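In: requesting a structural model of the entry that follows:
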Amino acid sequence: MNKKKKKKSVHVYIEVKNEIGNKGNQKGDKMMSDKNKRNKRVVVGMSGGVDSSVAAALLLEEGYDVIGVTMEIGLCALNGHSEPSLSMEKAVTDARIVANSLGIPHYVMNFRNLFTEKVINYFTAEYLRGKTPNPCIACNRYIKFGEFLEEAKKLDADYIATGHYARIEYDVKNDRFSLMRGKDLSKDQSYVLYNLGQEQLKHILFPLGIYTKGQIRQKAEQLNLTVAKKSESQEICFIPDNDYKGFLQKQVTTEEIKPGFFLNTKGEVIGNHAGLPYYTVGQRKGLGMALGYPAYVVAIQPEKNTVIIGREEEVFQQGLWSINNNFIDFDCLQVPLEIEAKIRYSAKPAPAEISWVEGERVRVLFHEPQRAITPGQSVVYYRGDRVIGGGVIEEVIHSSG
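Out: Numbering: from 1, shown residues only. Next comes the predicted model:
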């Protein structure tokens, strides 16, 4: 195979020195022969964990030309730090060891500035607005399947791949790609991927989508990967101690987090809150008041700087308005559609009707009231295992109207 010089990227600053060979330029969908796969280059996002490591190994076994890349994001982007954090260095080291054991090139791409802009700043701003953000969705949209994909193309990649538990199918009749839930529903990550569009889906591979987590662990052990028994990260990557309140206090001034009043559902003042960012709909702990009954955050009113407190049954609401909607199986919503909707990552899909009513907003009306519909979180629309699309919850539609 002829060699050629690697294309330079301003993002690449750590490299395992392996030459990247030239590849073919064959076109076609993802259902291809092993011969064709050998001419297809895949850049795998390797986080140093077991999932992305096995993803790289599986693609290599299938005959793809595989390159490993670790994305520098997270803690090192905070407070002007110019060097990677210890956890980031560990991720890079683990990914590099796996890449070496598999015999593939490995790079680190620096997305710190973009991560700060699109994820950390968004995360902070949304909490200050009384919303509850989802930074993983923002990271997937702008970093992992945005800028990372563009950088991979500079390495002549046909595809990027990650260790997400989701599937992509191609509908020949409609000439569209569909995003599907992963086989292992307990690990399914399709909820955080609803922003993917057709141009992205045609260049993405999710090799873990047809496997269970247990099978992936077993595969890692069979391959003697050093990360086979590595524990999973449960917290937000840039808040490793899971203390988001402490994180916010370091990111903003004390004047930006303003105390205000707790109100009951009748509008009566019943206490004082410490600042809107410290509360979310459905919250019970940390309210600091005794009302003689279990009290929950029912709503947050940023325009009045008030937090509404009520009983648990008052946390259930009938529907919502969503904005910034993306649809995968079609370009726009033409008629009301019966679907199942998830209002947070851990929620079960619930039957609902979606309709495009005004402007760019979609109305979602559930068949049964849902607990803690939270502005700022995403609502994702499903039909069976297929992701129809999703949007960001802007406003709650109350059960009374």
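In: residue 308: which element?
Out: Assignment of secondary structure by DSSP states H and E places residue 308 within strand 306-310.
In: packing partners for that strand?
Out: Contacts defined by 3 or more Cβ pairs under 8 Å, 6 or more residues apart in numbering; DSSP states H and E place strand 306-310 against strand 260-264, strand 269-273, strand 296-301. The C-beta positions use only the backbone N, C-alpha and C, and glycine is treated the same way.
In: reformat these as TSV; add mean neighbour count.
Out: Shown next, in TSV, are the helices and strands packed on strand 306-310 (neighbours: other Cβ atoms under 10 Å):
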stretch	mean neighbour count
strand 260-264	18
strand 269-273	15
strand 296-301	21
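In: among those strands, which is nearest residue 66?
Out: strand 296-301 (46.0 Å; Cβ to Cβ).
In: list the contacts of the closest one.
Out: If you take Cβ atoms under 8 Å, 6 or more residues apart in numbering as the criterion, strand 296-301 is touched by 130, 265, 276, 279-284, 287, 306-312, 314-315, 375, 396.
In: do the same with stretch 338-347
Out: Contacts for stretch 338-347 (Cβ under 8 Å, 6+ apart): 134, 136, 191-192, 320, 348-354, 364, 366, 370, 372-374, 377-383, 388, 393.
In: mind redoing it with 7 Å?
Out: 191-192, 349-354, 364, 370, 373-374, 377, 379-383, 388, 393 (Cβ atoms under 7 Å, 6 or more residues apart in numbering).
In: what's the helix or strand for the residue lying closest to residue 171 once chain neighbours are set aside?
Out: Spatial nearest neighbour of residue 171, excluding adjacent residues (Cβ to Cβ, 6 or more residues apart in numbering): residue 178 at 6.0 Å. If you go by DSSP H and E, residue 178 is part of strand 176-181.
In: hmm, back to that, what pairs with the strand holding residue 308, parallel or antiparallel?
Out: strand 260-264 (parallel), strand 296-301 (antiparallel) (DSSP bridges).
In: between these, which one is nearest to residue 47?
Out: Ranking the strands paired with strand 306-310 by their distance to residue 47 (criterion: Cβ to Cβ) puts strand 296-301 first, at 33.2 Å.
In: average pLDDT for the closest one?
Out: Across strand 296-301, the average pLDDT comes to 97.
In: got the angle between that strand and strand 269-273?
Out: Here the directions of strand 296-301 and strand 269-273 differ by 80 degrees (axes from the mean of the first three to the mean of the last three Cα atoms, to 10 degrees).
In: put the alpha carbons of strand 296-301 into PDB.
Out: This file holds the C-alpha atoms of strand 296-301, laid out as PDB (Å, rounded to 0.1, in the frame of the first residue of the first chain):
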ATOM      1  CA  TYR A 296     -41.000  18.700  46.300                       C
ATOM      2  CA  VAL A 297     -40.000  21.200  43.800                       C
ATOM      3  CA  VAL A 298     -42.900  21.600  41.500                       C
ATOM      4  CA  ALA A 299     -41.700  24.400  39.200                       C
ATOM      5  CA  ILE A 300     -39.000  27.000  38.900                       C
ATOM      6  CA  GLN A 301     -39.900  30.600  37.800                       C
END
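In: what average pLDDT does the strand holding residue 308 get?
Out: For strand 306-310, mean pLDDT rounds to 97.
In: ok, now stretch 162-182?
Out: In the prediction, stretch 162-182 has an average pLDDT of 96.
In: okay, now residue 383: neighbour count?
Out: Counted with other Cβ atoms under 10 Å, residues neighbouring residue 383 total 14.
In: now do the SS call for the residue nearest to it when sequence neighbours are not counted.
Out: Excluding its sequence neighbours, the residue lying closest to residue 383 (Cβ to Cβ, 6+ apart) is residue 339, at 5.7 Å. Secondary structure of residue 339, reduced to three states by DSSP: H, G, I helix; E, B strand; the rest coil: strand.
In: how many neighbouring residues does residue 339 have?
Out: Residue 339: 20 surrounding residues under other Cβ under 10 Å.
In: for it, name its beta-bridge partners.
Out: On the basis of DSSP bridges, residue 339 takes part in beta bridges with residue 352.
In: can you pull the pLDDT of it?
Out: 98.
In: and if you look at residue 8?
Out: pLDDT, read off for residue 8, is 36.
In: please name the residues that touch residue 140.
Out: Shown in contact with residue 140 (Cβ under 7 Å, 6+ apart): 192-193, 195.
In: dump those residues into TSV; add neighbour count, pLDDT and secondary structure as well.
Out: As requested, the contacts of residue 140 are exported to TSV (neighbours: other Cβ atoms under 10 Å; pLDDT from 0 to 100; DSSP: H, G, I helix; E, B strand; the rest coil):
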residue	neighbour count	pLDDT	secondary structure
192	22	98	helix
193	27	98	helix
195	24	98	coil
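In: for burial, what's the neighbour tally of residue 221?
Out: When counting by other Cβ under 10 Å, one arrives at 12 neighbours for residue 221.
In: that one against residue 230, yeah?
Out: No. Residue 221 sits out of contact with residue 230 when judged by Cβ atoms under 7 Å, with a separation of 11.6 Å.
In: picking up where we left off before, quick one: closest of the helices and strands packed on strand 306-310 to residue 90.
Out: strand 296-301 (36.4 Å).
In: that closest one: how far from the chain's middle?
Out: 25 Å (Cα atoms, centre = their mean, to the nearest Å).
In: just stretch 144-160 next, same as before
Out: In this view, stretch 144-160 has its centroid 17 Å away from the chain centroid, taken as Cα atoms, centre = their mean.
In: dump that stretch to CSV, restricted to CA.
Out: The C-alpha coordinates for stretch 144-160 follow below in CSV (Å, rounded to 0.1, in the frame of the first residue of the first chain):
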residue,chain,number,x,y,z
LYS,A,144,-18.1,13.9,19.4
PHE,A,145,-20.3,14.0,16.3
GLY,A,146,-19.5,17.6,15.3
GLU,A,147,-15.9,18.8,15.4
PHE,A,148,-14.5,15.3,15.9
LEU,A,149,-16.1,14.1,12.7
GLU,A,150,-14.7,17.1,10.8
GLU,A,151,-11.2,16.4,12.2
ALA,A,152,-11.5,12.7,11.3
LYS,A,153,-12.2,13.6,7.7
LYS,A,154,-8.8,15.3,7.7
LEU,A,155,-7.3,11.9,8.3
ASP,A,156,-9.2,10.6,5.2
ALA,A,157,-11.7,8.7,7.4
ASP,A,158,-14.9,7.3,5.9
TYR,A,159,-16.4,6.9,9.4
ILE,A,160,-16.0,7.7,13.0
